[in-house]
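# okay, here's the prediction I keep looking at, along with the sequence it came from:
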Amino acid sequence: LSQKLHIMSFIGNFFDTCHILQPQLNALIAASKSIKNSQKLRKLLEIILAFGNYMNSAKRGGVYGFKLQSLDMLLDTKSSDKKMTLLHYIVKTIQEKFRDVGTFESEMSYIEKAATVSLENIRADLTELDKGMEVTRREYEARKGHDMEPPVILNDFLANSEGKVTKLKQDTKNAQEAYAAVVEYFGENPKTMAPNTFFSLFVRFARAYKQAVVDLETMRKLEEAQMYPRQSIRSSK
C-alpha cells in the first residue's frame, strides 16, 4: 500500500516538478551564453580595467584582469568630495566616448532569473524524478509479470513522462556545460562559485550602472539650475 501511495503522489506531482525545473534550466542556459557572447559587456570590462590600471599604475603597475567581485567595489571608491563614485566617472566616460557600450544590459538575457537558480537543487530534484520513475516502472512490470492488466493511468503516465525526463537530463547537462564555460571564461571556478552568486554580480552591477546614469542626469540638472539664476542676473545688468 505504501508503495502505491508513493507512486500516486509521484505521478500527481511529476508535471508540476517538470514545469518548475524547465524554466530554470532555460534561464541558466540563456543567461550563460548571453553573458559569454556579449561584446558590449566585454568592452565595458576593458574600460573598467583601464581605469583600474590608471589609478593603480604608480603602486603596482598594470594588470591583465580583475575578479568579478571587484565590480561591487566601484561604488566604494569615491571622489574627495564624496559626491561621485568611480562608477559615475566610468559611466560618464562611456556616455561621452563609447555610447553604444552603455546598452550592454540588452545583450544579457534572463540574468535575474538565473540568479535564483540552484544547480544543486536541480540535480537533487532530477535524482528524485529518476527514483520515482524507476518505482513506477517496476510496478508496471510487476503487474504485467503476474498477467494483470496495468492500470491505464500507469500506461499513459509512462508514455508521456519518460521523454520529459530524458529532455530534463539533457537540458541539465547543457546548462551545466554552458554555466561552466561562462564562469571559466571570466577566470572563476564553477565548482566553487554557484549560479546565484555569479549571476547576482551582474544583476547588481547592471542596477548600479542604471542608477549611476540617473545620478549623473540629476547632477547635470542641478548644475544647470544653479547656473541659470546667475545668467539671468548678468543679462538684467
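Thanks, I have the structure now.
# buried ones in stretch 215-222?
Using 16 or more other C-beta atoms under 10 Å as the test for burial, stretch 215-222 gives 215-216. Every C-beta, even on glycine, is put in place using the N, C-alpha and C of the backbone.
# what lies in contact with it?
For stretch 215-222, the surrounding residues in contact (C-beta atoms under 8 Å, 6 or more residues apart in numbering) are 83-84, 88, 91-92, 95.
# can you give me the helices in the protein?
2-37, 39-60, 86-97, 111-114, 119-145, 152-185, 195-236 (DSSP state H).
# winner for burial among the ones you listed?
Across those, the average number of neighbours (mean count of other C-beta atoms under 10 Å) peaks for helix 111-114, which reaches a mean of 21.
# helices or strands up against that one?
helix 2-37, helix 195-236 (3 or more C-beta pairs under 8 Å, 6 or more residues apart in numbering; DSSP states H and E).
# tabulate those helices (a markdown table), appending mean pLDDT.
Listed next are the helices and strands packed on helix 111-114 as a markdown table, based on pLDDT from 0 to 100:
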| stretch | mean pLDDT |
| --- | --- |
| helix 2-37 | 93 |
| helix 195-236 | 84 |
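# of all the ones you listed, which lies closest to residue 181?
Residue 181 lies closest, by C-beta to C-beta, to one member of these: helix 2-37, at 6.3 Å.
# and the angle from that closest one to helix 152-185?
30 degrees (axes from the mean of the first three to the mean of the last three C-alpha atoms, to 10 degrees).
# for helix 2-37, packing partners?
Helix 2-37 packs on helix 111-114, helix 119-145, helix 152-185, helix 195-236, going by 3+ C-beta pairs under 8 Å, 6+ apart.
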